[in-house]
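Engineer: need a structure here:
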Amino acid sequence: MDNTRTDLDKVPYRIIEPSTRFRPFVEIRDIWHHRELMYLLTWRDYKIRYKQTLIGIAWAICQPILATIAFVVVFGRFGDITDNAIPYILFVYSGMIIWQYFANSVTESSGSLVASRQMITKIYFPRIIIPLAKISTQLIDLVPSSIILLILMIYFGTIPSISGIALVIPIIISLTLTSAGVGVILSAINVKYRDVQFIVPYFVQLGLFLSPVIYSSVTLGKYHRLLLINPVSGVIDSFRAAIFGTVFPIQSFAISCAIALILGIVGLYYFVKSESAFSDII
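Structural biologist: Numbers count the residues shown, from 1 in each chain. Below you'll find the model as predicted:
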């Protein structure tokens, strides 16, 4: 028995524990190293979401369409709240798919850690992959919604240019970084304070009306600069300008990109600093 204990003591082992220092490049490298796990979690979440549903992925299309129809019926008669050069249904739907991507990403990612408590307490992997997988799932839903937008644009005789489509890529990257920054912060806070799961839906509903989804930023006059505080506002305006060929709001988009970068860094920093306590309090 003593010999067995001695032999076990000689076996090399490795202790895995969270770093006490914030090293962003190391954290990003660690996420990249576990990219296959994030891919698997993304597809798992995606399959579970539409499992045993009658129309499956069509729900990703129905949500923005039904919301657009409701807003068009209620606000469509007010011609002074939007750009008359763009059909109102296109105006609302283009803003709605951007907003719903952000809103669903934040809502799903904020509660993701608590929902995955069994994984967190049993095995090691970068915990930040869990909320990022939720956001990646929403990115998949954005594809069919965008296809419907393209079909509607062709129907109304509005075809986006190649340069406009190229601009969509950095716009979506900025939106994804914003969603990730907000999502990982809220997911880390929600581990300790479960009030987040009740607060987030309220602010998501409020944020819809604080973003230029059903109205144009220009119609606010001198107050439109207040919307620049909301990073999604600049993304929506930039997205519309890119696909409809209107004047591109360089200032708004630059501010949105700057806020997205700050949120991304702050979100990663806060998550890394909070990660060591997740297993104990979740």
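Engineer: which parts of the protein are helices?
Structural biologist: 2-9, 24-33, 35-49, 59-75, 88-110, 112-115, 117-122, 129-155, 162-192, 196-209, 231-244, 250-275, 278-281 (DSSP state H).
Engineer: and the last one, what does it pack onto?
Structural biologist: This means helix 278-281. Contacts defined by 3 or more CB pairs under 8 Å, 6 or more residues apart in numbering; DSSP states H and E place helix 278-281 against helix 117-122, helix 162-192. Backbone N, C-alpha and C define where each C-beta goes, glycine included.
Engineer: put the alpha carbons of it into CSV.
Structural biologist: This file holds the C-alpha atoms of helix 278-281, laid out as CSV (Å, rounded to 0.1, in the frame of the first residue of the first chain):
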residue,chain,number,x,y,z
PHE,A,278,-17.9,31.2,-10.8
SER,A,279,-17.5,27.6,-9.6
ASP,A,280,-18.0,28.6,-5.9
ILE,A,281,-21.1,30.8,-6.2
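Engineer: quick revisit: which of the helices of the chain sits closest to residue 225?
Structural biologist: With distances scored as CB to CB, the stretch of the helices of the chain nearest to residue 225 is helix 250-275 (9.3 Å).
Engineer: tilt between the closest one and helix 129-155?
Structural biologist: 160 degrees (axes from the mean of the first three to the mean of the last three CA atoms, to 10 degrees).
Engineer: so how far is residue 237 from residue 257?
Structural biologist: Remark: distance between residue 257 and residue 237 (CB to CB, to the nearest Å) = 13 Å.
Engineer: quick one, which of the two is more surrounded?
Structural biologist: Set side by side, residue 257 and residue 237 show more neighbours around residue 237, with 28 against 20, by other CB atoms under 10 Å.
Engineer: I'd say the more buried one and residue 249 touch.
Structural biologist: Yes - using CB atoms under 8 Å, residue 237 is in contact with residue 249, at 4.8 Å.
Engineer: about what we covered before: please tabulate the helices of the chain in CSV, including the columns mean pLDDT and distance to residue 217.
Structural biologist: Shown next, in CSV, are the helices of the chain (pLDDT from 0 to 100; distance: least, CB to CB, whole Å):
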stretch, mean pLDDT, distance to residue 217
helix 2-9, 53, 67
helix 24-33, 79, 33
helix 35-49, 84, 33
helix 59-75, 87, 15
helix 88-110, 93, 11
helix 112-115, 87, 32
helix 117-122, 81, 41
helix 129-155, 91, 20
helix 162-192, 92, 15
helix 196-209, 88, 13
helix 231-244, 92, 6
helix 250-275, 91, 8
helix 278-281, 74, 39
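Engineer: mind putting the ones you listed into JSON lines with distance to residue 221?
Structural biologist: Output for these, formatted as JSON lines (distance: least, CB to CB, whole Å):
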{"stretch": "helix 2-9", "distance to residue 221": "75"}
{"stretch": "helix 24-33", "distance to residue 221": "40"}
{"stretch": "helix 35-49", "distance to residue 221": "41"}
{"stretch": "helix 59-75", "distance to residue 221": "18"}
{"stretch": "helix 88-110", "distance to residue 221": "18"}
{"stretch": "helix 112-115", "distance to residue 221": "40"}
{"stretch": "helix 117-122", "distance to residue 221": "49"}
{"stretch": "helix 129-155", "distance to residue 221": "28"}
{"stretch": "helix 162-192", "distance to residue 221": "25"}
{"stretch": "helix 196-209", "distance to residue 221": "17"}
{"stretch": "helix 231-244", "distance to residue 221": "15"}
{"stretch": "helix 250-275", "distance to residue 221": "15"}
{"stretch": "helix 278-281", "distance to residue 221": "46"}
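Engineer: nice, that's everything, thank you.
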